[in-house]
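Trainee: I'll drop the sequence and a predicted model, then ask my questions.
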Amino acid sequence: MGLPPLVLIHGMWSRPDVWENYRVVFEGAGFETHVPALRFHDVEPHGPEPEGIGTVSLVDYADDLQSLIEGLDEKPVLVGHSMGGLLALMLVARGLARAGVLLTPAPGAGVLVLQPSAIRVFLRTLLTWGFWRKGTFPTYKEVRQGILNNVSEVEARDLYGQMVWESGRATFEIANWFLDFKRGSAVPYGDIDMPLLIIGAAKDRITPVSVVGAMAKRLSHTATFEVLPDNAHWVLGEKGWEKIAERCVEWIKQTVA
């Protein structure tokens, strides 16, 4: 059996081009890659808020991705970063993938994501009345503190300049799942039987390693959990990203190829 296709799923405030480093590595290793944009994310950075983005649910994102996946010739391996990691897990739970790689993933319902370091990133948004039906856009200070805390100032400014609007609804479903009666971020952890590689980072402030570990524990029957001691959240471009991408290739080939 040949190598499975890979679907790379980006996270909050991002566009598909955040995967460029990994895409080159994956394609160099022989994988066919698909790098979709989440709904309303294929736009110019720092542009106006897209009409309707505020009420897009995680389920809407997952449904869009399902349509793409079902159009492939075979089931892929899903590789997701941050919120994209949670979306990958939701799609694995739907039986749409052969395996999943979750890089510093946001957790699903049942795991408390709002640790002190994450609260500092989201506090302004969470204190904005009705944020769950509006678009959200972080300040540079918030991003520098919680997401890009392990890259240079020049890199952080450049990456911030590439960010786009995010759904307040999706943010609410992750951060305030205990108030979400629709359970948009719910995942049937115990029912998932596809292989998973879950990677946390010791210096991550927005999805702290304790949070990623708590989710991995719920998936311990099928997941391999690894912690990067020298990395933070932006494993897509921080120092050492090459080794992380190569580890993904190694695991996928050993597990499902």
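Mentor: Arrived safely.
Trainee: List the residues that contact residue 256.
Mentor: 4, 77, 98-99, 195 (Cβ atoms under 8 Å, 6 or more residues apart in numbering). In short, each C-beta sits where N, CA and C put it, glycine included.
Trainee: make it 10 Å
Mentor: By Cβ atoms under 10 Å, 6 or more residues apart in numbering, the contact set of residue 256 is 1, 3-4, 75-77, 97-99, 194-195.
Trainee: and what of residue 20?
Mentor: Residue 20 sits next to 8, 35, 236-237 when contact means Cβ under 10 Å, 6+ apart.
Trainee: pretty sure it is in a helix, no?
Mentor: Yes: using DSSP: H, G, I helix; E, B strand; the rest coil, the assignment for residue 20 is a helix.
Trainee: could you pull out the strands for the stretch 151-257 of the chain?
Mentor: 166-167, 196-201, 223-228 (DSSP state E, counting those that start in this stretch).
Trainee: could you pull out the helices for the stretch 1-150 of the chain?
Mentor: If DSSP state H, counting those that start in this stretch is used as the criterion, the helices of the stretch 1-150 of the chain fall at 20-28, 58-70, 83-93, 116-126, 140-146.
Trainee: For those, give me TSV that also has distance to residue 189 and mean pLDDT.
Mentor: Listed next are these as TSV, based on distance: least, Cβ to Cβ, whole Å; pLDDT from 0 to 100:
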stretch	distance to residue 189	mean pLDDT
helix 20-28	26	98
helix 58-70	16	98
helix 83-93	8	98
helix 116-126	21	79
helix 140-146	25	95
